[in-house]
Every structure is written in structure tokens, then in C-alpha cells.
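[1] please find the sequence and the predicted model below.
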Amino acid sequence: MLHFSLSAHGQALAYLVSAVLFIFALKSLTHPASARRGNFYGMIGMVIAVAATLLGQEVTSYGFIIAGVAGGAVIGTILAMRIQMAAMPQLVAALHSFVGLAAVLVAIGTFIITAHPDAVMMGELSAGIVIGAITFTGSVIAFGKLQGLISGSPVKFTGQHALNAAMALAVIGFAVHFAMTGSVLSLSLMTLIAFALGVTLIIPIGGADMPVVISMLNSYSGWAAAATGFTLHNNLLIIVGALVGFSGAILSYIMCKGMNRSIINVVFGGFGSGDEADTGAGALAAQRGVKSASVEDVVYWMEDAAKVIIIPGYGMAAAQAQHALKELMELLVARGVDVKFAIHPVAGRMPGHMNVLLAEADIPYERVLEMDEINSEFPTADVALVVGANDVVNPAAEEDKSSPIYGMPILQAGKARQVYFLKRSMRPGYSGVDNLLFYKDNTSLVFGDAKDTIEGMASALKGSGH
């Protein structure tokens, strides 16, 4: 069989081009208008990287590689065709788990086939196994919480932090012993405890913090990939892993800042239990009741409005209402209404969740504004239409000092002349905190499936004429 291989210098040059393309991809992904171009850069960079690796001098047989690529392509294609956008967060968590497990398997496999690994390699193997194992089981738990297989509430017990600390010290101790001696027993114990630590680190984190958890696990997967790169002496994998690791860490910081919380508070705070949902101002507001409205009521306000601000949340994703919102937006714009979309940094269940859904529906990027850009416009809005969002518009963050979300920056939807909430029920958001906005004088709730409700609004607008 004819086998063409790249020289070491040729492969290094190809890896350099790939790394540059990946950096351009990350840069382009920072803005919706350039995100499509960023994806293109990333795909081209990956094609070059894979081709350069397959043509490397160290590859002597393609049998297992072809089998693995074919199997992965089939599975990936089926997942891509069947996955709903509302389920994208749990898919991302699952993919992170694959990266972590791959790092563990590569490290163990390298240890098995290497006759006399030196101390540096043993340290690299230890790092890859520990980071990969924590990433794997942590991502599996995150997947279970997002998929509803595990309760989204924090799982907490007495001595939990002490147990995590003891496990972390044990992992470090066994890792050092393994790196120094090559003990299979230390390898086994280090791996098993790291797997367990991934579980105990994630189960105390509540559902409201899941966007930050996804971002953190993304960072972990990057460091796992970088560790694998050191193990395989693959410079591109080291670069890409570092890019993912740092970008995930920076994104986690940005999201924590958006919630006015520290990363330590997220990891150890247990936010999202709902234990305080009926305390403080929330309990007082609940006694007042809420106003409900019909589709016709909403249309009556919107058809003569000058400005309408739409706040999407996870409820929009669950109902797959983004395309219906696009039609509603177009009908309102045709009437001369200024329609904008307000995005909170942690809306949905993964970073950028709402942006992706709105882009999928081809909603113009210039109408989609981040919290810092849009908050000043709510006082001039005639209608704020909240589509399945909860915690990100909850005034308890500003008014109720006993609330667990107190201090979190929110979208100022309550400052609009009229607020309409599209809700299935009176249940609170993922954090379990009662939403004080429900009980404001200028707020009414429209109960029902968000997609059906918005489609009803669009039909009513069409029927009312200009």
C-alpha cells in the first residue's frame, strides 16, 4: 500500500497553520456576526490538523484509525440529526466527558506500552489521568442533571467539603508516588479516587449554576487535552488544549461576574436548592396573587407599541419557540415597532445558549443585545415580553436581601411600561427562587406553551391589519 508521509518540519508547519486558524476561530466566535466565519476557521484548522497527524511518520497503519473514524462519524451524524437545540447543553456535557475519558485511556495506554518512562513522562501521565478522570465523571453528573436523570438540586451532606479535600490530597499523594515509582497500585487508586472526586465536586452544584459548570468542564477538558498532548508529544494538542482551558476559565469568570458571585461560591455554594423560595419578600409577594392575560391582551399592547424588548430563556428553548419569535418580530417591525432581544450572560443552561437559538432562527444580530447594552432601554420600552426566563429578570436580586440570588445583575424588565410573562405554570426558575416580578403591578402572566402562545400572537397580529 502506497503511504505518503509528511516530514517532521512539514507536520510542524501544518500544526502551526492549524493553531493560527484555531486562534482566529476563537476570536471570531466572540461576536454573533462573525461566529459563522469562526466555525469555518475552526473546521478548516481541524481538517489540516487531522490530515497532518494521519500523514505523520509515526503512523504506519490505518486500520484501527479508519474503524474509529467511521464509527465516530456514524454516531456523530446520528446525534447531530436527532438532537434538539433544547438538549444542546447536555450534549456538550457528554462531549466533555469523552475528552476526559480519552485523556485517561491515552495516559494509561502510554504507560503500558512505554518500556522505561522517565520522571517527566510519569508526571504528565499523572496529570492527564487526574484531570481527565475528574472531567469525565463531573461531565456525566452534569449531563444527568441537565437531562433530568439526576435532581438539579444540590446534593449536600455533612463533612462534604472535608471529604473532597481528603480525596484531593489522596489523589495528589498517589499521583506523586506513581510518578516516582511507577506503582500500578498507586495508578489504580489515583484513577479511582479521581473518578469519585469528579462526582463529589459536581453533585453539590445546583441547577441555577449549570451554565457556569458547563463552562468549567469545558476548561477542564482543555487541560485534559493539553496533558494528553504532552503525553503524545503533540505540540498542536498542547496548544489547542491550552486555548480551550484558558478560554473556558475566562468564560467561567465572566459568567460568575454576571451573577455577582465568585467561582469558589459556585463550586461550594450549592445554589439552586430552592430551600429559600418561600422566605423573605417572596413569601409576602406570593400572598398577593398574580394577574393573568390572554394572547389578545398582549397583542393589544404590542401592535401600537413604539418599542418591544423580548427576553428569551430556557423556556423558549424547551418550546422551540425561536422561529415563532422571528415571525412575531417581523410582523411587529412591519408595523414600525422597534423590536430588540435582551440576553443575560447566564440565560439558558449553557454559555451562549440563547444567542445560538436566535441565530438559528436568523434573527438579525443587531437586534440581539447583551445585558449591559440593553438595560438602559427598558424604561423606554412599552412592552417587555419574557419568554420562559425566570432568574435573570427576578427583582429579588435587588430587593430581597434574604434571597440566594441577591446581588446578581439582572435584566431590568420590570421597568418597562407593561411586562408579559409567557409561562407554563407558576413554578420558579431553575434556582428555585420565587420570582417577585410575577407580582408587580405592571406584570401579567400568559399561561401555556410558549410556541403556541407566540404563534397565536402572530395570527392575531395578521388578523388585526395595519
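    Perfect, I can see it now.
[2] for the rest of this, base every contact and every neighbour count on C-alpha atoms.
    OK.
[3] so where's the longest helix in this structure?
    In the chain, ranked by residue count with DSSP state H as the criterion, the top helix is helix 119-147.
[4] packing partners of that helix?
    In terms of contacts (3 or more CA pairs under 8 Å, 6 or more residues apart in numbering; DSSP states H and E), helix 119-147 is packed against helix 88-113, helix 160-181, helix 184-202, helix 210-232.
[5] measure Ala242 to Gly45 for me?
    Remark: distance between Ala242 and Gly45 (CA to CA, to the nearest Å) = 16 Å.
[6] quick one, which of the two is more surrounded?
    The residue with more neighbours, out of Ala242 and Gly45, is Gly45; 24 against 21, by other CA atoms under 10 Å.
[7] tell me who's in contact with the more buried one.
    17-19, 21-22 (CA atoms under 8 Å, 6 or more residues apart in numbering).
[8] buried ones among the residues you listed?
    17-19, 21-22 (16 or more other CA atoms under 10 Å).
[9] and those, which is closest to Asn235?
    Relative to Asn235, the closest of these is Ala19; by CA to CA it sits at 9.6 Å.
[10] residues near Gly63, how many?
    Per other CA under 10 Å, the neighbour tally for Gly63 reads 8.
[11] domain-wise, how is this protein divided?
    Residue ranges for the domains of the chain, per automatic domain parsing: 1-82, 86-269, 281-464.
[12] now those domains in a markdown table, with mean pLDDT?
    Listed next are the domains of the chain as a markdown table, based on pLDDT from 0 to 100:
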| stretch | mean pLDDT |
| --- | --- |
| domain 1-82 | 85 |
| domain 86-269 | 85 |
| domain 281-464 | 84 |
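[13] can you mark which positions in the longest helix of the chain are buried?
    Buried residues in helix 119-147, counting neighbours by 16+ other CA under 10 Å, are found at 121-146.
[14] please name the nearest non-neighbouring residue to Ile263.
    Beyond its immediate neighbours in the sequence, the residue positioned closest to Ile263 (CA to CA, 6 or more residues apart in numbering) is Cys256, lying 6.3 Å away.
[15] buried set for the helix or strand hosting the one you found?
    With the criterion set as DSSP states H and E, the secondary-structure element containing Cys256 is helix 235-258. Neighbour-count burial for helix 235-258, with 16+ other CA under 10 Å as criterion, is recorded at 235-249, 251-253, 255-256, 258.
[16] quick check, Leu445 in a strand?
    Yes. Leu445 sits within a strand when classified using DSSP: H, G, I helix; E, B strand; the rest coil.
[17] from Tyr314, how far out is it?
    Leu445 is 17 Å from Tyr314, by CA to CA.
[18] now do Met426
    According to CA to CA, Met426 and Tyr314 sit 15 Å apart.
[19] more neighbours: the two, which one.
    For Met426 versus Tyr314, the count of surrounding residues by other CA under 10 Å is larger for Tyr314: 21 against 12.
[20] and the closest residue to that one other than its chain neighbours, helix, strand or coil?
    Using CA to CA, 6+ apart and skipping the chain neighbours, the partner closest in space to Tyr314 is Gly348 (4.4 Å). Reducing the assignment at Gly348 to three states with three-state DSSP gives coil.
[21] which residue is nearest the centroid of the chain?
    Met350 (2.2 Å; CA atoms, centre = their mean).
[22] for the residue lying closest to it once chain neighbours are set aside, what are its contacts?
    In space, and not counting its chain neighbours, Met350 is closest to Pro211: 4.1 Å by CA to CA, 6+ apart. When contacts are counted by CA under 8 Å, 6+ apart, Pro211 is found next to 346, 348-351.
[23] equivalent analysis for Asp304, please.
    Residues counted as contacts of Asp304 (CA under 8 Å, 6+ apart) are Val337.
[24] phi first, then psi, for it.
    The phi and psi torsions at Asp304 (degrees, to the nearest 10) take the values phi -110, psi 10.
[25] could you measure from it over to Thr380?
    With the distance defined as CA to CA, Asp304 ends up 14 Å from Thr380.
[26] Ala342 now?
    For Ala342, the distance to Thr380 under the criterion CA to CA works out to 14 Å.
[27] tell me which of those two has more neighbours.
    Using other CA under 10 Å, the more surrounded residue of Ala342 and Thr380 is Ala342, with 28 against 14.
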